[in-house]
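Participant: please find the sequence and the predicted model below.
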Amino acid sequence: MNIANIADLRQLAWQRLPRVLFDYIDGGAQDEVTLRANQQDFNKFTLVQHVLRDVSKRDQSVTVLGQKYDLPLILSPTGMTGLFWPNGALEAARAASDAGAGFCLSSMSTSTVEDIKKVAKQPTWFQLYVMRDRGMSRELIERAKAAGCSALVLTVDLALQGQRDRDVHNGLTIPPTLRISNLPNFATRPGWIWRYLTGPKVVPASLVKPGQNTLFTIAGYVNSQFDQSVTWKDIEWAKSIWGGSIALKGILDPEDAKAAVDHGVDALIVSNHGGRQLDGVRSAISALPYVVDAVAGRAEVLLDGGVRRGTDVLKAVALGAKACMIGRPYMYGLAANGRAGVTKALDLLRNEIDLALALTGSTSLAALDRSAIL
Ligand SMILES: Cc1cc2nc3c(=O)[nH]c(=O)nc-3n(C[C@H](O)[C@H](O)[C@H](O)COP(=O)(O)O)c2cc1C
């Protein structure tokens, strides 16, 4: 079957990954209400169709935090990416770089920031969870700075890890544990088994120390190592070490957005962690216009969560986002076919954005405003 859209890549990922890993990517918190809303709520907005305008030249480039991207997409930070394809983070960074999209490395990644620097053609972003061990957090910020990262992204919606029922059912551990119950499922994914056994060891590369036990549950690791006492003061602490552009990921509330700007944050990423944290919160796209209005141009705003079509990107940009971040769309591509799969995901979205620009009678994505939607 030819791949027409991101949903097809998801289907391929489902065929190729052991279930425990597919569910780790695909799933959300508890009843997955917010996960579903992230996608469905794009339907609350309709695009305005204009005709008989010259749309022969179309431009979807955007500038975010002073950096120009050919594509209005930044790959969201994702942990443990090497589980889905050998050197998954490096492969994704290469694909983003080739496509002119942005890339944000997770502090839970299986590759280090120094590794990413070697493959990315333009500066990338680094995402940090503030750890209880502040010395370690400081060291990570300093390494990202030394590697030339252009923005520090602090993810602030994970004081504790959300309860992901699918992971509980599947008994997810890193690395995945083979059990009699999941043996048949692993056995029908020989390609993944081969790649996993012949690929590099999968660990959160920036966090583990030599000799450390590397069998863990993600929830157990997060809840024991991440600092639950983080407050706005710590944003200033991180900023003082970093010294460059700083973004907060996980903002949904306009009052939090205003506080972030008051604390000197340069960009806000409107996100509910892809529906993986607090189930029952509003979707990213429905929160976006309120955050944009609260910020009133004092910081840049990005949308993260639920983007599966080019038209979703047009709607987000029309509502005031500078660009969109995508998590699962590229993870499905990676799991399906490595770097080529990520490239495919970006190609699909690029073509859909271009088509949507032409058919709405628009020539410049960055010039869209709220008049483009109803
Ligand atoms: C497998 C997986 C791992 C993730 N790991 C992280 C992470 O380490 N840090 C982080 O800030 N967000 C993480 N996220 C959340 C993404 O950055 C992003 O917010 C989310 O995927 C956006 O929703 P979408 O998948 O609908 O695009 C992860 C998401 C997935 C699917």
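Facilitator: Right, received. Where do you want to start? Numbering: from 1, shown residues only.
Participant: enumerate the residues of this structure near the ligand.
Facilitator: 24-25, 38, 76-79, 106, 108, 127, 155, 249, 271, 273-274, 304-307, 326-328, 331 (C-beta under 6 Å from any ligand atom). C-betas here are computed from N, CA, C, even on glycine.
Participant: buried subset of these, written for PyMOL?
Facilitator: Filtering the residues of the chain next to the ligand down to the buried ones (16 or more other C-beta atoms under 10 Å) takes a single PyMOL command:
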select buried, resi 24+25+38+76+77+78+79+106+108+127+155+249+271+273+274+304+305+306+307+326+327+328+331
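Participant: can you tell me which of the residues of the chain next to the ligand are in helices?
Facilitator: With helices taken from DSSP state H, the overlap with the residues of the chain next to the ligand comprises 24-25, 38, 328, 331.
Participant: closest one of these to D31?
Facilitator: Using C-beta to C-beta, N38 comes nearest to D31 of those, at 13.7 Å.
Participant: can you redo the ones in helices among the residues of the chain next to the ligand as JSON lines with pLDDT and distance to K44?
Facilitator: Formatted as JSON lines, these follow (pLDDT from 0 to 100; distance: C-beta to C-beta, whole Å):
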{"residue": "Y24", "pLDDT": "97", "distance to K44": "29"}
{"residue": "I25", "pLDDT": "98", "distance to K44": "26"}
{"residue": "N38", "pLDDT": "99", "distance to K44": "12"}
{"residue": "R328", "pLDDT": "99", "distance to K44": "21"}
{"residue": "M331", "pLDDT": "98", "distance to K44": "25"}
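Participant: looking at these, which is nearest the ligand?
Facilitator: R328 (3.4 Å; C-beta to the nearest ligand atom).
Participant: so what pairs up with L75 in the strands?
Facilitator: On the basis of DSSP bridges, L75 takes part in beta bridges with F103, I326.
Participant: tally of neighbours for it?
Facilitator: 29 (other C-beta atoms under 10 Å).
Participant: read off the pLDDT value for it.
Facilitator: On pLDDT, L75 comes in at 98.
Participant: chain center to stretch 182-202: distance?
Facilitator: How far stretch 182-202 lies from its chain's middle: 25 Å, per C-alpha atoms, centre = their mean, to the nearest Å.
Participant: now the helices for the stretch 1-150 of the chain?
Facilitator: Here the stretch 1-150 of the chain has its helices, by DSSP state H, counting those that start in this stretch, at 6-16, 19-26, 33-40, 88-99, 113-119, 134-146.
Participant: show me what counts as buried in the third one.
Facilitator: It refers to helix 33-40. The neighbour-count check on helix 33-40 (16+ other C-beta under 10 Å) flags 34-35, 37-39 as buried.
Participant: just the angle between it and helix 19-26, please?
Facilitator: Angle, helix 33-40 to helix 19-26, by axes from the mean of the first three to the mean of the last three C-alpha atoms, to 10 degrees: 60 degrees.
Participant: same question, the longest one
Facilitator: Angular relation of helix 134-146 and helix 19-26 on a 0 to 180 degree scale: 70 degrees, by the same axes, to 10 degrees.
Participant: so what's the most centrally placed residue in the chain closest to, chain neighbours aside?
Facilitator: Nearest residue to the geometric centre of the chain (C-alpha atoms, centre = their mean): S76, 1.9 Å. Excluding its sequence neighbours, the residue lying closest to S76 (C-beta to C-beta, 6 or more residues apart in numbering) is G327, at 3.9 Å.
Participant: surely that neighbour is in contact with G79?
Facilitator: No. At 10.6 Å, G327 and G79 do not qualify as touching, with contact defined as C-beta atoms under 8 Å.
Participant: quick one, phi psi at the residue nearest to the centre of the chain?
Facilitator: With angles defined as degrees, to the nearest 10, S76 sits at phi -70, psi 150.
Participant: ok, it - contacts?
Facilitator: 104, 274, 304, 325-327 (C-beta atoms under 8 Å, 6 or more residues apart in numbering).
Participant: also Y129?
Facilitator: Counting by C-beta under 8 Å, 6+ apart, Y129 makes contact with 107-108, 155, 158, 222, 226.
Participant: would you mind giving those as JSON lines with pLDDT added?
Facilitator: Putting the contacts of Y129 into JSON lines (pLDDT from 0 to 100) gives the following:
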{"residue": "S107", "pLDDT": "95"}
{"residue": "M108", "pLDDT": "95"}
{"residue": "T155", "pLDDT": "98"}
{"residue": "L158", "pLDDT": "96"}
{"residue": "V222", "pLDDT": "86"}
{"residue": "F226", "pLDDT": "91"}
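Participant: now flag whichever of the residues you listed is closest to H169.
Facilitator: The closest of the contacts of Y129, once distances to H169 are taken by C-beta to C-beta, is V222, at 18.6 Å.
Participant: which intervals of the stretch 51-200 of the chain have sub-threshold pLDDT?
Facilitator: Within the stretch 51-200 of the chain, not a single segment meets pLDDT under 70.
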